[in-house]
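J.: The amino acid sequence is not available; the structure is as follows:
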Ligand SMILES: Nc1ncnc2c1ncn2[C@@H]1O[C@H](COP(=O)(O)OP(=O)(O)OP(=O)(O)O)[C@@H](O)[C@H]1O
Ligand SMILES: [Mg+2]
């Protein structure tokens, strides 16, 4: 099964695969947390990463924008190919990567600044020269938050509700117009209605962006993603990729029995 | 309910004994607090009583004099303002810079660990030792002279460990999720420090700075070593001027035999306490504002 994935030809990669992991291994000190993951992500699609707790979903996700660099003990082996460049080669600068591959975190984490400044933050630090008001408004509209906050842009981002805060974090990420957005359980701190709002938003965003989302919620993965990758923990406690494929197919007719028992276990 | 009964048959009498013990501890703790507060109150009342009659406008605007009726603290007050302003301008940037380095940049090596341990130790070195160090280092070796600059540099060394420790504490309290959000938007390490970490930590850092400076204001020992002057009839005009500070002026008055000068000393203490009280209130105000901000 691994072979199938690695046999993708270069031509196909350049056609509609925007980013892919090749023989990805992650170590925390001596502990191997992720083992030989190969994964392709198609442009303008949503890929969801599912699997039991501790199987390395967040770890894999953090490889895509090199957030693992910030964890002292973390060591990444293998490569991430993005536009034909290996993100882990020596000449690539992690800071630069992160303005084209954005990230939304599990717990909403707006800065203790105004709503406006939260959205403008990424633009300012990257030296944006255009009309700031316009860019802020556009991003908030894209994140379906504009109507709720347009009269209180000067208020602290921390005064918003949890769901609004998460949409603010999405707006903040959209503002710098990344190619890919990584989301690590973006709805786990939200109620069902706020969750639905974010899910709808994700479906709207894929016309412009590519999204990789980690989720614990099977229904969410089924609703929101085009492709699904299922990870599990092996005997050696290292996470590995069991299978990946069309979301429809993974949920109705998985190739691997382990996938089926995980999914049905969650449903019943 | 049944478990309650089981408990009381298993531990007969136990609860009442434990409760009585708790009562005794409560009164012991309360008396600890009272000992501190009451002795402080007695001290304050004594000083107010002794000094209140000597407080007047010309006490603030006159130079010291052999005649107690016209003696004032002008040179000491201005000396203190000069000293603290200079001390602050050295210790704040250096202290915050060192704290940022130690918290955010330093690799975790044996070298940085030794530095860290030593900073904590330095905070406990007696202040007269700093005075002698300042005398040797600034006054003699760097030949700055017995100037307000030498005094301020000495006090800056003295309170630097306190500022560094407070600033590190403040920086460590900034949630990591802020840093991650900042990095994930493509900011560099320094941008993250400048736009996210420092603004969040600043109120706490300032609280630490003010507390450190109010410690510096009250220090007499190191300044005696540096300045050696107690009777000054001019105010500093530049960093190389000679100077005296309020605690030294107070010390000098206390050591005079005449009763009147002890009244002046008490008046000087009242002024010093008022300044300290003002600084500490400002520190508390900053801390409260910070807490309110982070609760929003
Ligand atoms: N900073 C770290 N240092 C050391 N080990 C870590 C670190 N982060 C994660 N791990 C370990 O790596 C493994 C994978 O963790 P990861 O957070 O990627 O799992 P996950 O699939 O996201 O789990 P969850 O669904 O609970 O979020 C776990 O065994 C975890 O203990
Ligand atoms: Mg996770």
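T.: Looks like it came in fine. Note that the structure is a prediction, hence the values are computed from the model and not measured. Ligands and ions are numbered 1, 2, ... in the order given.
J.: Would you mind naming what in chain A lies close to chain B?
T.: Residues of chain A lying near chain B by Cβ under 8 Å from any Cβ of the partner chain: A:65, A:67, A:70, A:72, A:95-96, A:98-99, A:102-103, A:105, A:107, A:109-113, A:121-122, A:124-126, A:156, A:158-159, A:169, A:172-173, A:176. Backbone N, C-alpha and C define where each C-beta goes, glycine included.
J.: Out of those, list just those in helices.
T.: Among those, the members found in helices (DSSP state H) are A:95, A:96, A:98, A:99, A:121, A:122, A:124, A:125, A:169, A:172, A:173.
J.: farthest pair in the residues you listed?
T.: A:96 and A:169 (21.1 Å; Cβ to Cβ).
J.: ok so, going back, of the ones in helices among the residues of chain A next to chain B, buried ones?
T.: A:95, A:98, A:99, A:121, A:122, A:125, A:169, A:172, A:173 (16 or more other Cβ atoms under 10 Å in any protein chain shown).
J.: Surely the third one and residue A:126 touch.
T.: Yes - taking Cβ atoms under 8 Å as the contact criterion, residue A:99 and residue A:126 are neighbours in contact, 5.6 Å apart.
J.: Next, show the common contact partners of these two.
T.: Taking Cβ atoms under 8 Å, 6 or more residues apart in numbering or on different chains as the contact rule, residue A:99 and residue A:126 both touch A:176, B:185, B:186.
J.: Arrange the residues you listed in CSV, one row each, with pLDDT as further columns.
T.: As requested, those are arranged in CSV below (pLDDT from 0 to 100):
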residue, pLDDT
A:176, 93
B:185, 94
B:186, 92
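J.: All the strands of chain A, residue numbers only.
T.: For chain A, the strands defined by DSSP state E cover A:17-28, A:31-42, A:46-50, A:74-82, A:85-86, A:101-104, A:180-184, A:210-214, A:227-233, A:239-246.
J.: what residue is smack in the middle of chain A?
T.: In chain A, the C-alpha nearest the mean C-alpha coordinate belongs to residue A:182, at 1.9 Å (Cα atoms, centre = their mean).
J.: got the contact list for it?
T.: By Cβ under 8 Å, 6+ apart, the contact set of residue A:182 is A:61, A:62, A:64, A:65, A:101, A:102, A:103, A:104, A:211, A:212, A:213.
J.: pLDDT on stretch B:43-54, on average?
T.: Averaging pLDDT along stretch B:43-54 yields 86.
J.: among the shared contacts of residue A:99 and residue A:126, who's most crowded?
T.: Most neighbours among the shared contacts of residue A:99 and residue A:126, by other Cβ atoms under 10 Å in any protein chain shown: residue B:185, with 27 neighbours.
J.: Residue in the stretch 1-150 of chain A with the shortest distance to chain B?
T.: Among the residues of the stretch 1-150 of chain A, residue A:99 lies nearest to chain B; the distance is 3.3 Å by Cβ to the nearest Cβ.
J.: Show me chain B divided up by domain.
T.: With domains defined by automatic domain parsing, chain B comprises B:15-54, B:58-295.
J.: The longest one and ligand 1 in contact?
T.: No - applying Cβ under 6 Å from any ligand atom, one finds domain B:58-295 separated from ligand 1 by no less than 11.0 Å.
J.: low-confidence ranges in chain A?
T.: Residues of chain A that meet the criterion pLDDT under 70 lie in A:1-15, A:266-268.
J.: Flag every residue of it that's near ligand 1.
T.: Taking Cβ under 6 Å from any ligand atom as the criterion, the contact residues of chain A with ligand 1 come out as A:28, A:33, A:53, A:54, A:55, A:56, A:57, A:58, A:59, A:71, A:73, A:239.
J.: Which among those residues count as buried?
T.: For those, a burial check counting by 16+ other Cβ under 10 Å picks out A:33, A:55, A:56, A:57, A:58, A:59, A:239.
J.: quick one: the fourth one from residue A:104, how far?
T.: So the one you mean is residue A:57. If you measure residue A:57 against residue A:104 using Cβ to Cβ, to the nearest Å, the figure is 14 Å.
J.: tell me the most buried of the domains of chain B?
T.: Mean neighbour counts were compared across the domains of chain B using mean count of other Cβ atoms under 10 Å in any protein chain shown; the top stretch is domain B:58-295, at a mean of 18.
J.: what about that domain, near chain A?
T.: Yes - counting by Cβ under 8 Å from any Cβ, chain A is contacted by domain B:58-295 at B:108, B:175, B:177-188, B:191, B:195-196, B:199-200, B:293-294.
J.: can you tell me which of those are in helices?
T.: Reading helices off these with DSSP H, I get B:177-184, B:191, B:199-200, B:293-294.
J.: Pick the one among these closest to residue B:36.
T.: Looking across those and measuring by Cβ to Cβ, the closest to residue B:36 is residue B:294, at 30.5 Å.
J.: quick one: the helices in the stretch 1-150 of chain B?
T.: Listed in chain order, the helices of the stretch 1-150 of chain B (DSSP state H, counting those that start in this stretch) span B:2-10, B:14-51, B:57-61, B:74-100, B:110-122, B:127-134, B:148-172.
J.: Same list (these) but as TSV, adding distance to residue A:78.
T.: Below are the helices of the stretch 1-150 of chain B laid out as TSV (distance: least, Cβ to Cβ, whole Å):
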stretch	distance to residue A:78
helix B:2-10	57
helix B:14-51	60
helix B:57-61	73
helix B:74-100	34
helix B:110-122	32
helix B:127-134	55
helix B:148-172	34
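J.: Those: lowest mean pLDDT?
T.: Comparing mean pLDDT across the helices of the stretch 1-150 of chain B, the weakest is helix B:2-10, with a mean of 56.
J.: And residue B:217, what's its pLDDT?
T.: At residue B:217, pLDDT is 89.
J.: how far away is it from chain A?
T.: Distance of residue B:217 to chain A, given as Cβ to the nearest Cβ, to the nearest Å: 32 Å.
J.: Could I get the contacting residues of that residue?
T.: The contact partners of residue B:217, by Cβ under 8 Å, 6+ apart, come to B:80, B:84, B:245, B:246, B:247, B:272, B:275, B:276, B:279.
J.: mind redoing it with 6 Å?
T.: residue B:84 (Cβ atoms under 6 Å, 6 or more residues apart in numbering or on different chains).
J.: Please report how far the residue of the stretch 101-250 of chain B at minimum distance from ligand 1 lies from residue A:50.
T.: Proximity of the stretch 101-250 of chain B to ligand 1 (Cβ to the nearest ligand atom) peaks at residue B:176, 11.0 Å away. Counting by Cβ to Cβ, the gap from residue B:176 to residue A:50 is 26 Å.
J.: Quick check: mean pLDDT of stretch B:253-269?
T.: For stretch B:253-269, mean pLDDT rounds to 85.
J.: contacting residues around that stretch?
T.: The contact list for stretch B:253-269 (Cβ under 6 Å, 6+ apart) reads B:47, B:50, B:51, B:54, B:55, B:59, B:68, B:71, B:73, B:249, B:250.
J.: And for stretch A:188-198?
T.: So stretch A:188-198 is contacted by A:106, A:107, A:162, A:163, A:187 (Cβ under 6 Å, 6+ apart).
J.: Return the set of buried residues in that stretch.
T.: For stretch A:188-198, by 16+ other Cβ under 10 Å, it's A:189, A:190, A:194, A:195, A:197, A:198.
J.: of those, closest to residue B:118?
T.: For those, the closest approach to residue B:118 (Cβ to Cβ) belongs to residue A:189, at 42.5 Å.
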